[in-house]
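Asker: Turn this into a structure:
(2 chains)
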Amino acid sequence: MKAGPSQEEIRRHNLGTLLRHVHIGGSMSRAVLADRMGLNRSTILGLVSELTSAGLVREELPRDTGRAGRPSLVVRPESDQAYVLAFDVGVDRLTAARIGLGGVFLDRREARMRPDHREAGQVTEVLADFAHQMMDTTRQGTVCVGVAAAVRGMVRRPDGLVRAAPYIDWKDEEFGESLTRRLDLGLPVSVGNEASLGALAEHLRGAGTGCQDLVYLHGDIGIGGGVIAGGQLLGGDCGYGGEIGHMVVNPRAGRPCGCGGRGCLEAEAGERALLEAAQRDPSATGREAVRAVVEAADRGDISARAALHDVGDWLGIGVANLVNILNPRTVVFGGTLREVFLGSAAQIRSRVNSHALAASRENLRLRVGALGDNAVLIGAAELAFSTILAGPLEALARTST
Amino acid sequence: MTATPILRLRGIDKSFGPVQVLHDVSFDVHPGEVTALVGDNGAGKSTLVKCIGGIHPIDGGEYWFEDEEVQVHSPRDAAALGVEIVYQDLALCDNLDIVQNMFLGREKRRGLVLDDATMEEMAAKTLEGLSVRTVKSIRQQVSSLSGGQRQTVAIAKAVLWNSKVVILDEPTAALGVAQTAQVLELVRRLADNGLAVVLISHNMNDVFAVSDRIAALYLGRMAAQIRTSDVTHAQVVELITSGRSGDLGLATTNGATA
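Answerer: This next block holds a predicted model:
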C-alpha cells in the first residue's frame, strides 16, 4: 500500500494549482494566491519563483491600483511564452487558434470546408497547415505546451478514437493519432467532443463561471450537450456521455434523426427542423441561416415565428427533462442555440416551468453562452492546457526534449 | 436571490385630474434580480416608473427603500437613494462623446476646471465592469454609435453613480436581434453584479430570457407579482390582457363582466 503523497508530488500539485489559478483567474497578488490555496506566503513565494524561472509566470506591478501605498506585485501568466494549439473541426468550417497561457487568443485561422473535403486525411492536412502558419510567426523561446481538437462526434476515452461523426461521415477514425503524427511536435493531440469542450469553456471562463453544476447545449447542425456535475465533466463509462441531442422526446410521431432513430431532441429542435418549419431554402444551412430565421421572426415573419415557437417548445421539453434528472444550477445555450433561445425563451421557460419539478427548477438559471462562437475553441485550448496544469515543470521538460 | 426587497411600494395611488391611473399598486424590487414589469398599453407602467423616479409625486401610499419609508418628491431625491431610470429615448447628446454623456450635468471638477482624467477613468472602469467591449473608444461621439451601443452607454451612465436600482424602459424595443442579445446580456450582468433591475418590456421572449420575477399591471392595478420560474407564457399573457389567470391575479377584474 502506498503511503501519502511524497514531497515531490505535493510540490508538483501545488505548482499546477498555482498556475491554474493565474491561468483561469488572471493576474493576482501572492497574498490572494496564498489565501485561495491555503498555503503560507513563503511557500507561495517559492512556487512563484520556480514558475517564473520556468518562464510560465511573471511578477509585475498591477496596471491600476486606485489605492494609496506601495502596490504589491501581481503574478501574471506569460501568455506570449507558453501557448497551445486548439482546433475545431466543424461541419462546414475548420478553425484553429494559438492560445496563450491565461486563455489569450494569439492567432486565429478559419477556412470553409467543402462537403467533398471532409475526409479525415484532408482535414488533417488543412489543420497541419494552419498549425505551421501560426507557429512560424512565433518568437524564439516560445513553447507549445499542448494540442487539442474538437469534433462533432462521439470520442472514446481515453484514446481519443472518433467513433462516429455522422455529419462529416467519419467512422472509427484515429484522428488524434494521425494529427499527432502529421504535426510532429512531440505532443499527443487530445480529442474531445465539441459540446463537452464548450461546456468546459463556459464553466471555466463564460456564463457558468463559479457554477459547479451546469448543462451546456450547443447548437450547430445538430444539438450537442455537455454536463458539468460537481465541477467535473460527466463522461460516462467510455466518454460518450452528454449526448443531449439524442434525448428521445417524441419517438412515436417524431421526425427522423441522423442517428437512425426518430424523435430525438436534435431532430425536433435542431437546425434542420427550424429551417424546414420556417420554409427556408433547403440549400441554405449553417449558422447564418439559423440567425436569419431569428431575425425574420423579430421583424414579424409569421412562418419564422411559428418555427421558433415549435423549436422552443421542444427545447423546453428537453431542458425540463435535464432539470429533473440533473438539477443543474445553470443551463447555458451556446452556438446557434444562443439566438434560438433569445427568440423563443417564452416557450422554453414555459415548458420548463410546467414540466420540471418545482424544487429542481427553483434556483435554475437559463443563460446564453458568454463566449460566442469561440466557446468550442476555448474549451479545446483548456483540454490542451490540462497537461501543463497537472505538472508544469514535467510538462515543460517533456516538450523541450 | 431571496433577500428582502430593496424597493417596496405599497398602496400607491396616482391620478391626473379626474383620471385615476394607478390604483392601490404594490411593487417589490429585489437586489440581484431582474424584475420584469409588463402590461398592456395604458396599464400604467410608465406612470409607475415615473412615480418611482420622482417625476410624478404619488397621491397616496408608501414608498419604502432599504426598509425605511422615504419621501420622493423629485428625480434628485430618487437619484440620492440610488434609483436611476433609463428612458426609451435614452436622453443622450449626439454631439458629445461617451464620457461627456455619462457625466452630463454631474461633471467632476478639480478646482475650476473639469477633471477629465478622473471622469475618463471612472467611465472606463464602469464599462469594463459591465464587460462592455463593443465600444472602441470612450472618447467617441455618441452620434457614431449603433442603437445597441447607445443603450449600453445609457445603462452605463445609470450604473456609474453607485446606483442600487436601475429601471430600463423598453431597452430593446428599437434594436435588431444581435444588439438585443447584447443589451439583454448586459441587463442580466447588472443583476448578477447585485443590482436590482426593473425591465419594462413588451417582448415575452426578452422577459422570459432574463427576468427572475414578473410584475403584471392591468388597468392601473398590480394583477400579480410572480417568480418567472412559476408561470407560463400563456399565464402572463392572460394576466396582461385580463388581469387574472387561474388562481393568479385580481379577484374581480376591473371592467370585466364576470
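Asker: Please identify the buried residues of stretch A:174-188?
Answerer: Buried residues in stretch A:174-188, counting neighbours by 16 or more other C-beta atoms under 10 Å in any protein chain shown, are found at A:F175, A:G176, A:S178, A:L179, A:T180, A:R182, A:L183, A:L187, A:P188. For glycine as for every other residue, the C-beta is placed from the backbone atoms N, C-alpha and C.
Asker: Hmm, the first one is touching A:R156, no?
Answerer: No. Checked against C-beta atoms under 8 Å, the pair A:F175 and A:R156 is beyond contact range at 11.1 Å.
Asker: and B:E62, how far is that from chain A?
Answerer: Distance from B:E62 to chain A, counting by C-beta to the nearest C-beta, to the nearest Å: 30 Å.
Asker: and if you look at B:V25?
Answerer: 25 Å.
Asker: which residue ranges form the helices in the chain?
Answerer: Reading this off chain A. According to DSSP state H, chain A carries its helices in the segments A:7-25, A:30-37, A:41-53, A:120-136, A:175-183, A:194-205, A:265-269, A:271-277, A:287-299, A:302-326, A:337-355, A:358-361, A:375-390, A:392-400.
Asker: look at chain B instead
Answerer: Counting by DSSP H, the helices of chain B are B:45-52, B:75-81, B:98-102, B:116-129, B:147-159, B:177-192, B:204-210, B:233-242.
Asker: which intervals of the chain have sub-threshold pLDDT?
Answerer: Chain wasn't specified; assuming chain A. Residue ranges of chain A with pLDDT under 70: A:1-2, A:63-69, A:400-401.
Asker: was after chain B, sorry
Answerer: B:1-3, B:252-258.
Asker: Spell out which parts of it neighbour chain A.
Answerer: B:1, B:121, B:176-177, B:180-181, B:184-185, B:188, B:204-209, B:228-234 (C-beta under 8 Å from any C-beta of the partner chain).
Asker: and B:I6, what does it touch?
Answerer: B:V29, B:H30, B:P31, B:F65, B:E66, B:K164, B:V165, B:A196 (C-beta atoms under 8 Å, 6 or more residues apart in numbering or on different chains).
Asker: With adjacent residues omitted, what lies nearest to the first one?
Answerer: Spelled out, that is B:V29. B:L7 (4.1 Å; C-beta to C-beta, 6 or more residues apart in numbering or on different chains).
Asker: Contacts only, for that neighbour.
Answerer: Counted by C-beta under 8 Å, 6+ apart, B:L7 has contacts B:F27, B:D28, B:V29, B:I52, B:W64, B:F65, B:V83, B:V165, B:A196.
Asker: I'd like the residues you listed laid out as TSV, including neighbour count.
Answerer: Output for the contacts of B:L7, formatted as TSV (neighbours: other C-beta atoms under 10 Å in any protein chain shown):
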residue	neighbour count
B:F27	24
B:D28	19
B:V29	26
B:I52	25
B:W64	15
B:F65	21
B:V83	26
B:V165	24
B:A196	25
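Asker: Just the residues you listed: which are in strands?
Answerer: B:F27, B:D28, B:V29, B:W64, B:F65, B:V83, B:V165, B:A196 (DSSP state E).
Asker: Just the closest of those to A:E394, please.
Answerer: Set against A:E394, the nearest of the ones in strands among the contacts of B:L7 by C-beta to C-beta is B:A196 (49.7 Å).
Asker: is it true that A:P71 touches A:A31?
Answerer: No. Using C-beta under 8 Å, A:P71 is not in contact with A:A31; the gap is 11.7 Å.
Asker: ok so, going back, if the residue nearest to B:V29 is in a bridge, with which residues?
Answerer: B:V29, B:F65 (DSSP bridges).
Asker: That one and chain A: what is the separation?
Answerer: 22 Å.
Asker: Next: B:L90.
Answerer: 20 Å.
Asker: Mutual contacts of A:F175 and A:R156, please.
Answerer: A:V162.
Asker: got the contact list for A:R108?
Answerer: A:T95, A:A96, A:A97, A:R98, A:L377.
Asker: What about the second one, how many residues nearby?
Answerer: As a burial measure, the neighbour count of A:A96 was computed by other C-beta atoms under 10 Å in any protein chain shown and equals 25.
Asker: before we move on, what about A:P62?
Answerer: 15.
Asker: Report the two of the contacts of B:L7 separated the most.
Answerer: Of all pairs in the contacts of B:L7, the most separated under C-beta to C-beta is B:D28 and B:V83 at 14.1 Å.
Asker: rewinding a little: for A:F333, state which of the buried residues of stretch A:174-188 is nearest.
Answerer: Nearest member of the buried residues of stretch A:174-188 to A:F333, counting by C-beta to C-beta, is A:F175, at 27.7 Å.
Asker: where's the residue lying closest to the closest one once chain neighbours are set aside relative to A:I244, distance?
Answerer: Distances taken as C-beta to C-beta, 6+ apart place A:V162 nearest to A:F175, at 4.9 Å, with adjacent residues excluded. With distances taken as C-beta to C-beta, to the nearest Å, A:V162 is found 19 Å from A:I244.
Asker: Repeat that for A:L337.
Answerer: 11 Å.
Asker: Quickly list what's touching both of the two.
Answerer: Contacts common to A:L337 and A:I244, judged by C-beta under 8 Å, 6+ apart, are A:L217, A:I223.
Asker: Show me which residues of stretch A:145-156 are buried.
Answerer: For stretch A:145-156, by 16+ other C-beta under 10 Å, it's A:V145, A:G146, A:V147, A:A148, A:A149, A:A150, A:V151, A:R152, A:G153, A:M154, A:V155.
Asker: what about it, start to end distance?
Answerer: 23 Å (C-alpha to C-alpha, to the nearest Å).
Asker: Identify the residues contacting A:R58.
Answerer: A:T52, A:V75, A:R76, A:E78.
Asker: Give me every residue in the stretch 151-300 of chain A lying close to chain B.
Answerer: Going by C-beta under 8 Å from any C-beta, the residues of the stretch 151-300 of chain A near chain B are A:R291, A:V294, A:E295, A:D298.
Asker: Now the two most distant members of those.
Answerer: A:R291 and A:D298 (10.5 Å).
Asker: Can you check which residues contact both of the two?
Answerer: B:V177.
Asker: more crowded one of the two?
Answerer: Counted by other C-beta under 10 Å, A:R291 and A:D298 do not tie: A:D298 has more neighbours, with 21 against 17.
Asker: Tell me how far whatever residue of the stretch 51-200 of chain B ends up closest to chain A lies from A:E362.
Answerer: For the stretch 51-200 of chain B, the residue closest to chain A is B:V177, as judged by C-beta to the nearest C-beta, at 4.8 Å. Look at B:V177 and A:E362: by C-beta to C-beta, they are 31 Å apart.
Asker: In contact with the residue nearest the centre of chain B, which residues?
Answerer: Closest to where the C-alpha atoms of chain B average out (C-alpha atoms, centre = their mean) is B:I167, at 1.3 Å. Contact partners of B:I167, counting by C-beta under 8 Å, 6+ apart, are B:V49, B:I52, B:G53, B:V83, B:E84, B:I85, B:V86, B:V197, B:V198, B:I200.
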